[in-house]
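Colleague: Predicted model, plus sequence, below.
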Amino acid sequence: MSKSEPAPTVYVVDDDPGVLKAIERLLQSVGLNVATFASPHSFLERYDRNASGCLILDLALPGLSGLELQRMLERETSLLPIVFLTGRGDIATSVQAMKHGAADFLTKPVDDAELIAAVQVALTSNEALRRARGERERIAKCLATLTERERQVLEQIVAGRLNKQIAAELGTVEKTIKFHRANLMRKMGVRVVADLVKLAERAGVGSTPRA
């Protein structure tokens with residue numbers, strides 16, 4: 001997390017006021033920012049979609065279950081890792097939650113140290129996910145500055161072709177390919193071809209985009 005970014009927030013959604021207060025006090029005692037919600041709907045209305053943090057989510061909630069809220073956040077491509085809490089957890093439900101990216105699945109009453117540990121892991125995961133998304137967005141901006149010909153040359157480079165081969169493929173001379181190659185490397189902010197290929201592959205150029 002950079003110095004300019006606000007501290008992450010631990011969002012807690014549970015319909016039991018006692019549980020909300022207990023978790024809030026516990027997490028604040030270790031210096032964490034906490035925002036509590038009594039229902040999934042109030043959470044969806046008020047949480048900051050751009051904020052860093054994680055979500056502690058009760059499984060059995062009125063109106064919208066924890067798993068249903070998880071699916072909604074998944075469709076929004078939310079980066080908030082979810083730590084599920086339930087008083088009646090079962091293996092099938094936890095498997096479903098984990099399949100859809102849950103960070104952890106804890107059963108009430110949860111041990112304080114166990115919950116804090118799970119939250120810390122989730123916050124670390126969120127930071128990594130946000131960093132990766134930021135990098136993909138930066139790469140996309142760089143790619144947007146390329147001309148159509150530079151994009152074609154990039155795709156050929158990613159495919160492993162040499163300048164001479166690229167020139168033959170695109171119907172031009174090797175000197176022109178070297179010119180385009182130098183320009184696109186400058187725009188992409190790299191000095192060596194290996195780094196250029198890594199960036200391009202992360203953005204899905206010539207391959208399946210990486211997570």
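Modeller: Received the coordinates, thanks.
Colleague: Every contact and neighbour count from this point should use C-alpha atoms.
Modeller: Will do.
Colleague: How is the chain partitioned into domains?
Modeller: 9-133, 145-202 (automatic domain parsing).
Colleague: what's the first-to-last distance across the last one?
Modeller: Counting by CA to CA, to the nearest Å, the length from the leading to the trailing residue of domain 145-202 is 17 Å.
Colleague: Show me the helices in this protein, by range?
Modeller: Secondary structure of the chain (DSSP state H): helices located at 17-28, 40-46, 66-75, 91-99, 112-144, 148-158, 163-170, 174-188, 193-202.
Colleague: can you pull the buried residues of stretch 9-20?
Modeller: Buried residues in stretch 9-20, counting neighbours by 16 or more other CA atoms under 10 Å, are found at Thr9, Val10, Tyr11, Val12, Val13, Asp14, Asp15, Val19, Leu20.
Colleague: In CSV: the helices of the chain, plus distance to Glu5 and mean pLDDT.
Modeller: Below are the helices of the chain laid out as CSV (distance: least, CA to CA, whole Å; pLDDT from 0 to 100):
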stretch, distance to Glu5, mean pLDDT
helix 17-28, 19, 96
helix 40-46, 19, 94
helix 66-75, 22, 92
helix 91-99, 29, 72
helix 112-144, 11, 94
helix 148-158, 34, 94
helix 163-170, 43, 94
helix 174-188, 25, 94
helix 193-202, 25, 88
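Colleague: Would you mind listing the residues in contact with the residue nearest in space to the middle of the chain?
Modeller: For the chain, the residue nearest the mean C-alpha position is Leu129 (3.4 Å; CA atoms, centre = their mean). Going by CA atoms under 8 Å, 6 or more residues apart in numbering, Leu129 touches Leu79.
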